[in-house]
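Q: Pasted the sequence and its predicted model underneath.
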Amino acid sequence: MRPAALAFDAAASGFDRRFGEWLSVAAQREAVRRELIRIFPPGGKIFEIGGGTGEDASWLSQKGFDLFLTDPSPTMVELSAKKLAGFGSRARVMDAEDIEQFATRYLAEDGMMFDGAFSNFAPLNCVVDLAPIGRGLARLLKPGSAAMLVLFGTCSPGEMLVECLRRRPGQALRRFGRGDVPARLGGNHFVVRYHRAHELRSAMQPWFRLVRRMGIGIFVPPSAAEPWISRHPRFLAMLERMDRLGRRSLAALGDHVLYHFERTDATAREP
């Protein structure tokens with residue numbers, strides 16, 4: 001496994017217990033889910049990149065969608081498969097970097113293209129080269145379908161404020177870093193890339209056009225504000241309302257940014 005996959009695999013068993021209790025995470029997740037439900041066709045066949053423990057996939061499955069979750073962590077996939085078992089949805093180990101090879105195998109075995117795809121909470125920031133993502137999704141998705149990709153924002157005032165209050169000024173400016181930026185989870189080290197919007201658009205062309213982008217967590221703070229913000233639910237609810245008002249005009253300032261792409265008619269060839 002790659003270093004990021006190793007880090008998340010080691011943390012998988014306690015992942016839901018740790019992040020599931022945090023209201024800031026729930027608020028950002030809910031904002032993304034509202035858009036997924038609004039955009040994906042009812043009952044559609046949906047592909048997920050970096051699905052983790054299956055929180056979003058199981059929620060969508062309960063809403064009647066047919067999910068195919070992928071994640072590079074075997075332990076994450078094992079946990080998600082248990083949540084999806086009762087719905088007929090599937091989970092499989094896959095590195096996002098290997099999506100083109102996966103598409104070749106999957107289409108040869110199944111032959112059914114997807115009605116949509118998504119990736120939540122920034123697993124694509126653990127990917128160095130986004131070009132294979134665009135090419136792989138182009139082969140898997142039907143023309144006209146949506147790819148809803150949530151990446152870290154590259155300028156998050158909320159994170160800057162929180163990190164300064166925590167007396168970690170070095171962390172406050174990390175998203176301005178170009179190239180590999182060191183990260184750590186549970187004592188395991190890996191690197192992330194804070195991809196710029198133009199880099200993502202370039203990787204997705206000509207197979208996808210950008211429809212819109214939305215800020216997720218503009219005023220709602222990042223998880224670094226936990227557990228303090230969870231002790232103030234009324235204040236957090238006010239910040240959620242402010243997020244809804246500014247999600248388009250202030251999209252670039254989000255802790256995360258949701259990019260809504262639409263599959264064009266451009267031909268996707270095998271690698």
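A: Perfect, thanks for sending it.

Q: roughly how far apart are D180 and L239?
A: Plainly put, D180 is 32 Å away from L239 if you go by Cβ to Cβ, to the nearest Å. Placement of C-beta: from N, CA and C, glycine included.

Q: do you know how far the closest residue to H260 other than its chain neighbours is from I39?
A: Using Cβ to Cβ, 6 or more residues apart in numbering and skipping the chain neighbours, the partner closest in space to H260 is V211 (4.5 Å). Distance of V211 to I39, given as Cβ to Cβ: 9 Å.

Q: Can you tell me the SS state at the most far-flung residue of the chain relative to its centre?
A: Distance from the C-alpha centroid of the chain, by Cα atoms, centre = their mean, peaks at R167 (28.1 Å). Three-state assignment for R167 (DSSP: H, G, I helix; E, B strand; the rest coil): coil.

Q: Show me the strands in the stretch 1-150 of the chain, by range?
A: In the stretch 1-150 of the chain, the segments counted as strands under DSSP state E, counting those that start in this stretch are 45-49, 66-71, 90-93, 114-119, 141-152.

Q: Surely the residue nearest to H260 and T264 touch.
A: No - using Cβ atoms under 8 Å, V211 makes no contact with T264, being 11.2 Å away.

Q: more neighbours, those two?
A: T264 (16 against 13; other Cβ atoms under 10 Å).

Q: Pull the residues that contact stretch 159-178.
A: F152, G153, T154, C155, S156, V181, Y194, P221, P222, A224, A225, D255 (Cβ atoms under 8 Å, 6 or more residues apart in numbering).

Q: got it, and stretch 16-23?
A: By Cβ under 8 Å, 6+ apart, the residues outside stretch 16-23 that reach it are 11, 25-26, 53, 55, 79, 223, 226-227, 229-230, 233, 236.

Q: what about burial for those residues, which qualify?
A: Buried subset of those (neighbour count, 16 or more other Cβ atoms under 10 Å): A11, V25, A26, T53, E55, L79, S223, E226, I229, S230, L236.

Q: Compute the distance between the third one and E262, please.
A: So that's A26. Applying Cβ to Cβ to A26 and E262 gives a distance of 28 Å.

Q: And F87, by the same measure?
A: For F87 relative to E262 (Cβ to Cβ), the value is 27 Å.

Q: how about the strands in the stretch 151-271 of the chain?
A: Using DSSP E, counting those that start in this stretch, strands in the stretch 151-271 of the chain cover 181-185, 188-192, 208-216, 256-263.

Q: and among those, the most buried is which?
A: strand 256-263 (a mean of 23; mean count of other Cβ atoms under 10 Å).

Q: Show the average pLDDT along stretch 85-99.
A: Taken as a whole, stretch 85-99 carries a mean pLDDT of 95.

Q: Distance across that stretch, terminal residue to terminal residue?
A: 23 Å (Cα to Cα, to the nearest Å).

Q: which residues are contacting that stretch?
A: Under Cβ under 8 Å, 6+ apart, the answer for stretch 85-99 is 2, 5, 49-51, 54, 57-58, 61-62, 65-74, 77, 80-81, 84, 102, 119, 123-124, 126-129, 132-133, 135-137, 140.

Q: Out of these, which sit inside helices?
A: 5, 57-58, 61-62, 74, 77, 80-81, 84, 102, 132-133, 135-137, 140 (DSSP state H).

Q: buried subset of the residues you listed?
A: The buried subset of the ones in helices among the contacts of stretch 85-99 (16+ other Cβ under 10 Å) comprises 5, 57-58, 61, 77, 80-81, 84, 102, 132-133, 135-137, 140.

Q: ok, which pair from those residues is furthest apart?
A: Greatest spatial distance among those (Cβ to Cβ): S58 and R135, at 28.6 Å.

Q: All good on my end, thank you.
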